[in-house]
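Enquirer: show me how the following folds:
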Amino acid sequence: MGGWIAELWDYVTVWVGLIMCNVDDCDWPELYREKHVLARKKHRCTECKGNILPKEPYKYVFGKWNGSVSVFKICLHCQVPQKWLEVECGGYLFGELYSEILEHAQEYRKMFLYRWCVEMKQRKNAAQAVG
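Expert: Numbers count the residues shown, from 1 in each chain. Got it, this is the predicted structure:
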């Protein structure tokens, strides 16, 4: 590569290096299992804090990080932005979906990322209103 192409490549490489995802510094689990299930009772989504109602599908995650066992329940709505982070950044941190998506929305200026943040807030508010 020569000339302007090389300069552009250097610029893109430096710019992309400035975008840092939180998953870059995370600890990987010693044990990890996830499965997709239907709720038999009401649950709370780990990410948006919204309700997962009986008969709704959700992702159940069991893992062990630094010797501590954790369980996460993720509603169908939050699985979409999680998948986007998985593809875009190589992963995500459980319980940090809102802040991760908001950070990317501010960085990339993409409306769909802001929409996900609004939807997460609406689900949390709806769950709090119901109790």
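
Enquirer: list the buried residues in the helix or strand where Tyr60 lies.
Expert: Secondary structure assignment for Tyr60, by DSSP states H and E: strand 57-65. Using 16 or more other CB atoms under 10 Å as the burial criterion, the residues of strand 57-65 that qualify are 58-59, 61, 63. Glycine gets a C-beta too; all of them are placed from N, C-alpha and C.

Enquirer: neighbouring strands of that strand in the sheet, and parallel or not?
Expert: With DSSP bridges as the test, strand 57-65 is paired with strand 31-38 (antiparallel), strand 68-75 (antiparallel).

Enquirer: elements contacting the following helix or strand past the first one?
Expert: Using DSSP H and E, the helix or strand that follows strand 31-38 in sequence is strand 43-44. Packed against strand 43-44 by the contact rule (3 or more CB pairs under 8 Å, 6 or more residues apart in numbering; DSSP states H and E) you find strand 51-52.

Enquirer: partner strands of the strand it packs on and their direction?
Expert: Assessed with DSSP bridges, strand 51-52 is paired to strand 43-44 (antiparallel).

Enquirer: tabulate the CA atom coordinates of whichever strand or helix holds Glu86 in PDB.
Expert: With secondary structure defined by DSSP H and E, Glu86 is part of helix 76-89. What follows is helix 76-89, C-alpha atoms only, in PDB (Å, rounded to 0.1, in the frame of the first residue of the first chain):
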ATOM      1  CA  LEU A  76     -35.500 -11.600  24.800                       C
ATOM      2  CA  HIS A  77     -35.400  -7.800  24.300                       C
ATOM      3  CA  CYS A  78     -31.900  -7.500  25.900                       C
ATOM      4  CA  GLN A  79     -30.500 -10.400  23.900                       C
ATOM      5  CA  VAL A  80     -30.500  -8.400  20.700                       C
ATOM      6  CA  PRO A  81     -28.100  -5.600  22.000                       C
ATOM      7  CA  GLN A  82     -26.100  -8.300  23.700                       C
ATOM      8  CA  LYS A  83     -25.600 -10.100  20.400                       C
ATOM      9  CA  TRP A  84     -24.700  -6.800  18.800                       C
ATOM     10  CA  LEU A  85     -21.900  -6.300  21.400                       C
ATOM     11  CA  GLU A  86     -20.800  -9.800  21.000                       C
ATOM     12  CA  VAL A  87     -20.300  -9.300  17.200                       C
ATOM     13  CA  GLU A  88     -19.000  -5.700  17.500                       C
ATOM     14  CA  CYS A  89     -16.700  -6.000  20.500                       C
END
